[in-house]
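1. coordinates only, sequence not included:
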């Protein structure tokens, strides 16, 4: 594995890491991957993520476990951004669509699905 090149930013940033488990169904996982691919992702969702101030969002997968990493400016307000994101075009439609693959209620808000992870280690320098 060669790793993944990370973006660099002019100012200080902070990172959020969340996790979510998909349904244990290989076909549904295949569908979830498809709808997150560059070819099939909904441009309104990508635009909305950027519009609320998120600099980068990555999702990693291992089996049914997803880990989402979000980079944002140092003064970023997570709750305010998620509340705003929920009102943007096609966001409710997207959440209802992917909830079938995630095993969540169609009207579940982001923080009801994705669980914020606690950083327990870094290199301390």
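-> The structure has been received and is ready for your questions. From a predicted model like this one, the values you see are computed outputs, not experimental measurements.

2. C-alpha only now, for contacts and for neighbours.
-> Fine.

3. what separation is there between residue 34 and residue 27?
-> Separation of residue 34 from residue 27 (CA to CA, to the nearest Å) stands at 10 Å.

4. where is the longest helix in the protein?
-> In the chain, taking DSSP state H as the definition, the longest helix is helix 91-102.

5. which other residues reach the next helix-or-strand element following it?
-> Counting by DSSP states H and E, the next helix or strand C-terminal to helix 91-102 is helix 110-113. With contact meaning CA atoms under 8 Å, 6 or more residues apart in numbering, helix 110-113 is reached by 20, 82, 104.

6. now do the buried residues in helix 110-113.
-> Buried residues in helix 110-113, counted by 16 or more other CA atoms under 10 Å: residue 113.

7. mean confidence for that helix?
-> Averaging pLDDT along helix 110-113 gives 84.

8. which helices and strands does the longest helix of the chain pack with?
-> Contacting helix 91-102 under the criterion 3 or more CA pairs under 8 Å, 6 or more residues apart in numbering; DSSP states H and E are the following elements: helix 26-35, helix 43-51.

9. possible to save these as CSV with mean pLDDT, mean neighbour count and distance to residue 69?
-> Listed next are these as CSV, based on pLDDT from 0 to 100; neighbours: other CA atoms under 10 Å; distance: least, CA to CA, whole Å:
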stretch, mean pLDDT, mean neighbour count, distance to residue 69
helix 26-35, 97, 14, 16
helix 43-51, 97, 15, 13
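
10. closest one to residue 11 among those?
-> Of all the helices and strands packed on helix 91-102, helix 43-51 sits nearest to residue 11, with 16.5 Å by CA to CA.

11. alright, calling it a day.
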